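> model this:
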Amino acid sequence: MELQIQTKMTTMILYDYMLRHTYNSFSGILGSSIGALFLLGFLGTRSLPYLLAGIFLLLYLPGSLLCRAQKQMRATPAFQKTLCYRFDEEGIRVSQDGESQLLPWADMYKAVSSGKSIIVYHNRVNAWIFPRRDMGELTPKVIEMISTHMPPEKVKIRW
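Alright, predicted model coming up:
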């Protein structure tokens, strides 16, 4: 079986990926936890510095990620054009402007999902992002293809 989708990156799809990636890391969880502890400290003491520190910590990360997503969209020429992905028995092939790259299934690090995308990492940081809006009715087939060709412990995709 072979599936093909075309995607166009947007700032909000990239932001969704960055949020998912960051808030599932140690630093994202730690920053949110500390921000929540400051807010709890404010509730107990009514001390304004606790409130300000908690709000700052809880709002800084998503705000800075949105700015990074906007900057990355402007700075990455590949995001300005449509990407074509082909899923087959060998792996996932991405092509754009006559250039093509194959990532074999065996080389894939993990597959996860966010609210807006299916994300296939090819190492700990870099990933291919497949927006659900671009996959449309092919979404279940893409998930099945990924789940069939990757070990179950590497696939954490939710509907």
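
> isn't Ile157 right up against Ile146?
Yes: using CB atoms under 8 Å, Ile157 is in contact with Ile146, at 6.9 Å. Just so you know, the C-beta spots here come from the backbone N, C-alpha and C atoms, and that holds for glycine as well.

> quick one: average confidence on the longest helix anywhere in the chain?
Looking across the chain with DSSP state H, the single longest helix is helix 48-75. Averaging pLDDT along helix 48-75 gives 95.

> in its sheet, what does the next helix or strand after that helix sit against?
Following helix 48-75 in sequence order, the next helix or strand is strand 83-87 (DSSP states H and E). When pairing is defined by DSSP bridges, strand 83-87 lines up against strand 3-7 (antiparallel), strand 91-96 (antiparallel).

> contacts only, for the residue positioned nearest the centre of the chain.
Nearest residue to the geometric centre of the chain (CA atoms, centre = their mean): Tyr17, 2.4 Å. Applying CB atoms under 8 Å, 6 or more residues apart in numbering, we find Tyr17 in contact with 114, 117, 119, 127, 129.

> doesn't it belong to a strand?
No: counting by DSSP: H, G, I helix; E, B strand; the rest coil, Tyr17 is not part of a strand but helix.

> so how far is Lys156 from it?
15 Å (CB to CB, to the nearest Å).
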